[in-house]
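1. the sequence and its predicted three-dimensional model are supplied below.
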Amino acid sequence: MSLKKDKQKVLGEVFDDERIAGFLVGEAPDGMARDYFLLERAYRSMTAESFTTFVRLFLEQNLDLDSPGPDGKTLLARIEEHRQGSDYAEVLKNAGARS
């Protein structure tokens, strides 16, 4: 059995402010809070630098960094479990997120 990496590097993609703002649009699947869904989708798609911009835009829309996922954990709590998530966790902590 092979293990999947926690986070794949995003190479060659351009994430300007307009594209990053596009990640603030969308509806969550049933059973998932929309704010958590938007954060998780951005985390899985962006470099830490782009994620920093996303979190700023996210907060400007008064969205909740501490919104729980389906398992009741915040995204920060989930990321802290990932070996390669420290840069992303730091972005969330600096923005005021709690585990």
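-> Cool, the structure landed. Numbers count the residues shown, from 1 in each chain.
2. dump whatever helix or strand Glu49 lives in to PDB, restricted to CA.
-> Using DSSP states H and E, Glu49 maps to helix 48-60. Extracted in PDB, the C-alpha atoms of helix 48-60 (Å, rounded to 0.1, in the frame of the first residue of the first chain):
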ATOM      1  CA  ALA A  48       0.900  29.100   0.700                       C
ATOM      2  CA  GLU A  49       1.500  32.600  -0.800                       C
ATOM      3  CA  SER A  50      -1.800  32.500  -2.800                       C
ATOM      4  CA  PHE A  51      -3.500  31.000   0.200                       C
ATOM      5  CA  THR A  52      -2.400  34.100   2.200                       C
ATOM      6  CA  THR A  53      -4.200  36.300  -0.200                       C
ATOM      7  CA  PHE A  54      -7.200  34.000  -0.200                       C
ATOM      8  CA  VAL A  55      -7.500  34.200   3.600                       C
ATOM      9  CA  ARG A  56      -7.300  38.000   3.500                       C
ATOM     10  CA  LEU A  57     -10.200  38.100   1.000                       C
ATOM     11  CA  PHE A  58     -12.100  35.400   3.000                       C
ATOM     12  CA  LEU A  59     -12.000  37.600   6.100                       C
ATOM     13  CA  GLU A  60     -13.000  40.700   4.200                       C
END
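3. and it, average pLDDT?
-> Averaged across helix 48-60, the pLDDT comes to 97.
4. what does that helix contact?
-> The contact list for helix 48-60 (Cβ atoms under 8 Å, 6 or more residues apart in numbering) reads 15, 17, 20-21, 23-24, 35, 38-39, 42-43, 46, 65, 87-88, 91-92, 95. From N, CA and C alone the C-beta is placed, and that goes for glycine too.
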